[in-house]
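S.K.: Fold the following, please.
(one chain, ligands or ions: 1)
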Amino acid sequence: MHAIAIENPGSDYRLVLREAEIPQPGARQVLIKVAAAGLNRADLLQARGKYPPPAGASAILGMEVAGVITAVGEDCTLFKVGDAVCALLPGGGYAEYAVADVRCTLPVPAGVTLVQAASLPEAYFTVWTNLFDTGRLQSGEIVLIHGGSSGIGTAAIQLCAAFGCTVLTTASGPEKVARCLQLGAAHAIDYSKDDFVEAVQRFTNGHGADVILDMVGADYISRNFEAAAIKGRIVNIAFQKGAVAEVDFAPMLQKRLTLAATTLRGRSIAEKGLIRDAVQEQVWPHLAAGGIQPVIDATFPLAEAGAAHARMREGSHIGKIVLTV
Ligand SMILES: NC(=O)c1ccc[n+]([C@@H]2O[C@H](COP(=O)([O-])OP(=O)(O)OC[C@H]3O[C@@H](n4cnc5c(N)ncnc54)[C@H](OP(=O)(O)O)[C@@H]3O)[C@@H](O)[C@H]2O)c1
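M.R.: Residues are numbered from 1 along each chain as shown. Now for the predicted structure:
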């Protein structure tokens, strides 16, 4: 099969199309003929040699795909050959075939194309587990989502709005701000010109955000404390601006805040399976009904994975970038 290989891993990496062995499904696994693979920012880190795949995972990039099942392993009763599915993978998505554990595999929601389906697993697993499990977000609460125009952010805005939360978000520039409002944000803050702490406090009449999803870190760690409501929950999923910061923790005591940080990729299959079940039950009906719509920024043929990475690196994308196979 054709798959993408990383040539010269490091800051000047190149992505090239190479021949690779078709992987074989083991017990409780399915083999997917990949139609599309979602891009994630972590793929850029991995290609630079900074985010190795978990032990036992494929060295090929790609943490999510959609396609059609062509073979099933032992003990696989949930799916059969011919089913259209999407799946969260520990790696191996930038290829013509990929193996997925059934506990990380979902049927393609009704009315959703395979390109759209490839954009769903990483974003919705991440958003569900961080906001609704770890963050204990409830309907009617106020949520602040940083990086509103990102793949993660565009999913989070829609899901939180669908669950009856008031969504505040940050993004840079008028085009991204406008798109976040279209997706259901009640207020989108252009962080390149406005102070998000002041904007959140003003918009909420001093209540603050009950839950904050952060992927920025650095000075945002302290500023999130200021933007949070009493008993607020803050969840960090990345530290793009920096993981080292000088932080005054006193507001955590005064406001009785919770600060958490998590990653998805290294979790056990059993834990991912529980998230999968919740996503299928809680998110999939909204996709099938059209209340939540996948936000696709651009598609690139598999052979042009390098150009897809360049688009993400440059940073003007809104939503997800997808490779077509
Ligand atoms: N922990 C986990 O399990 C997990 C799972 C999935 C993703 N993630 C992380 O979540 C982040 C989003 O992933 P993605 O694939 O959706 O990436 P993406 O589409 O490339 O989005 C990156 C976002 O980060 C924002 N950003 C970057 N630097 C910033 C800064 N200095 N200040 C404010 N905003 C900044 C960008 O906002 P502007 O464009 O407006 O500047 C953009 O919205 C990535 O860091 C990824 O690694 C973590």
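
S.K.: Chain neighbours aside, what residue packs nearest to Ala36?
M.R.: Distances taken as C-beta to C-beta, 6 or more residues apart in numbering place Ala118 nearest to Ala36, at 3.7 Å, with adjacent residues excluded. Any C-beta I mention is one placed from the backbone N, CA and C, and that applies to glycine too.

S.K.: Could you report the pLDDT at the one you found?
M.R.: Predicted confidence (pLDDT) for Ala118: 98.

S.K.: count of neighbours near it?
M.R.: Per other C-beta atoms under 10 Å, the neighbour tally for Ala118 reads 33.

S.K.: what about it, distance to Ala199?
M.R.: Using C-beta to C-beta, to the nearest Å, Ala118 is found at 34 Å from Ala199.

S.K.: circling back to that earlier point, is the residue nearest to Ala36 in contact with Val322, as I believe?
M.R.: Yes - between Ala118 and Val322 a contact is recorded at 5.3 Å, counting by C-beta atoms under 8 Å.

S.K.: Overlap of the contact sets of those two?
M.R.: Ala36, Ala37, Gly38 (C-beta atoms under 8 Å, 6 or more residues apart in numbering).

S.K.: What confidence value was assigned to the second one?
M.R.: What that stands for is Ala37. Ala37 is assigned 99 on the pLDDT scale.

S.K.: Next, give phi and psi for Ile237.
M.R.: phi -110, psi -10 (degrees, to the nearest 10).

S.K.: Skip the chain neighbours and tell me the closest residue to it.
M.R.: Excluding its sequence neighbours, the residue lying closest to Ile237 (C-beta to C-beta, 6+ apart) is Met215, at 5.2 Å.

S.K.: Now do the contacts for the one you found.
M.R.: Contacts of Met215 by C-beta under 8 Å, 6+ apart are His146, Gly147, Ser150, Ile152, Asn236, Ile237, Ala238, Phe239, Gln240.

S.K.: same thing but at 10 Å, please
M.R.: Met215 makes contacts with 41, 126, 130, 145-147, 150, 152-153, 235-241, as judged by C-beta atoms under 10 Å, 6 or more residues apart in numbering.

S.K.: How many neighbouring residues does the one residue in the stretch 1-150 of the chain that gets nearest to the ligand have?
M.R.: In the stretch 1-150 of the chain, the residue that lies nearest the ligand is Ser150 (2.8 Å; C-beta to the nearest ligand atom). Using other C-beta under 10 Å, Ser150 is surrounded by 26 other residues.

S.K.: Then Ala218?
M.R.: Neighbours of Ala218 (other C-beta under 10 Å): 16.

S.K.: so Ala188 touches Thr154, yeah?
M.R.: No - judged on C-beta atoms under 10 Å, Ala188 makes no contact with Thr154 at a distance of 11.7 Å.

S.K.: Nice, that's everything, thank you.
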